[in-house]
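Asks: Next come a sequence and a model predicted from it.
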Amino acid sequence: MEERNLTPQESLQVIQNMMEQTQHNVMHHSGAPSLIWGYTTTFISLLIYFLYPYMGNYVNYFWFGIPVVGSLFIWMLKRKKKKQHVPTTRMDKFINVMWFVMGLNVFFLSIMPTHHILSLVLILIGAATAITAFSVNVQVLKYSSVFGMLVGYVMLILPTSGMQRVLIFAMAFFLMHCIPGHIISAQLKKERHA
């Protein structure tokens, strides 16, 4: 097959098409995962908050439920969507690798003995969400990611008790992932019916 050089206009069109495909892929693949991770994290955080008076520090073992439950639901979602073929761009691969790296960092930070883990998790997950949102221009994720990071930094500065941090973390995660997840899912549903 013969290769030919693209004109500047054709090159721009290829780049624009790739960015549009990536934005569509991110929108298509971020609504449900945002809801899964958002609700899993919020539910387990609230469970820890309410069980702490009865179980004391043993309740902290429930934190390990977040990656277990979240990963299980993501696995089930991927199995369900495996039948759909969606073209993958380099940007999609970049975003997937970035989330994998951030997820590993959050996991390893979570097993470190520090009082600031919830703040650091909000900052790292907020940063990953921001990278995704600003890379493909998803407005609702831009605002929610910045909000999550700001809450993380405020939690580092303001003196709060452990259980206050858990409650703030749960509310921030709900606002950072659940609300945008519902907005994105509604947009996709509206797009499918149009």
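Replies: Happy to help now that I have it.

Asks: residue ranges for the helices of the protein, please.
Replies: With helices called from DSSP state H, the chain shows them at 8-55, 65-81, 90-110, 117-136, 139-157, 162-173, 179-193.

Asks: For those, give me TSV that also has mean neighbour count.
Replies: To be clear about C-beta, it is placed using only N, CA and C from the backbone, and glycine gets the same treatment. Formatted as TSV, the helices of the chain follow (neighbours: other Cβ atoms under 10 Å):
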stretch	mean neighbour count
helix 8-55	16
helix 65-81	14
helix 90-110	14
helix 117-136	21
helix 139-157	18
helix 162-173	19
helix 179-193	15
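
Asks: and those helices as CSV, adding mean pLDDT?
Replies: What follows is the helices of the chain, written out as CSV (pLDDT from 0 to 100):
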stretch, mean pLDDT
helix 8-55, 80
helix 65-81, 86
helix 90-110, 84
helix 117-136, 89
helix 139-157, 92
helix 162-173, 92
helix 179-193, 79
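
Asks: Let's see the pLDDT reported for residue 114.
Replies: pLDDT, residue 114: 73.

Asks: Could you pull up the residues touching the residue nearest to it when sequence neighbours are not counted?
Replies: Nearest non-adjacent residue to residue 114, counting by Cβ to Cβ, 6 or more residues apart in numbering: residue 120, 7.5 Å away. The contact partners of residue 120, taken as Cβ atoms under 8 Å, 6 or more residues apart in numbering, are 106, 109, 114, 152.

Asks: Now stretch 149-167 - C-alpha only, PDB.
Replies: Output of stretch 149-167 as PDB, limited to C-alpha atoms (Å, rounded to 0.1, in the frame of the first residue of the first chain):
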ATOM      1  CA  MET A 149      -8.200  18.400  45.700                       C
ATOM      2  CA  LEU A 150      -9.100  21.600  47.500                       C
ATOM      3  CA  VAL A 151     -10.900  19.600  50.200                       C
ATOM      4  CA  GLY A 152      -7.900  17.400  50.500                       C
ATOM      5  CA  TYR A 153      -5.600  20.400  51.000                       C
ATOM      6  CA  VAL A 154      -8.000  22.000  53.500                       C
ATOM      7  CA  MET A 155      -8.100  18.700  55.500                       C
ATOM      8  CA  LEU A 156      -4.300  18.900  55.700                       C
ATOM      9  CA  ILE A 157      -4.400  22.400  57.200                       C
ATOM     10  CA  LEU A 158      -7.400  22.400  59.500                       C
ATOM     11  CA  PRO A 159      -7.200  20.400  62.700                       C
ATOM     12  CA  THR A 160      -9.900  17.700  62.700                       C
ATOM     13  CA  SER A 161     -10.400  14.400  64.500                       C
ATOM     14  CA  GLY A 162     -10.100  11.100  62.700                       C
ATOM     15  CA  MET A 163     -13.800  10.600  62.500                       C
ATOM     16  CA  GLN A 164     -14.400  14.100  61.300                       C
ATOM     17  CA  ARG A 165     -11.900  13.400  58.500                       C
ATOM     18  CA  VAL A 166     -13.700  10.200  57.600                       C
ATOM     19  CA  LEU A 167     -17.100  12.100  57.300                       C
END
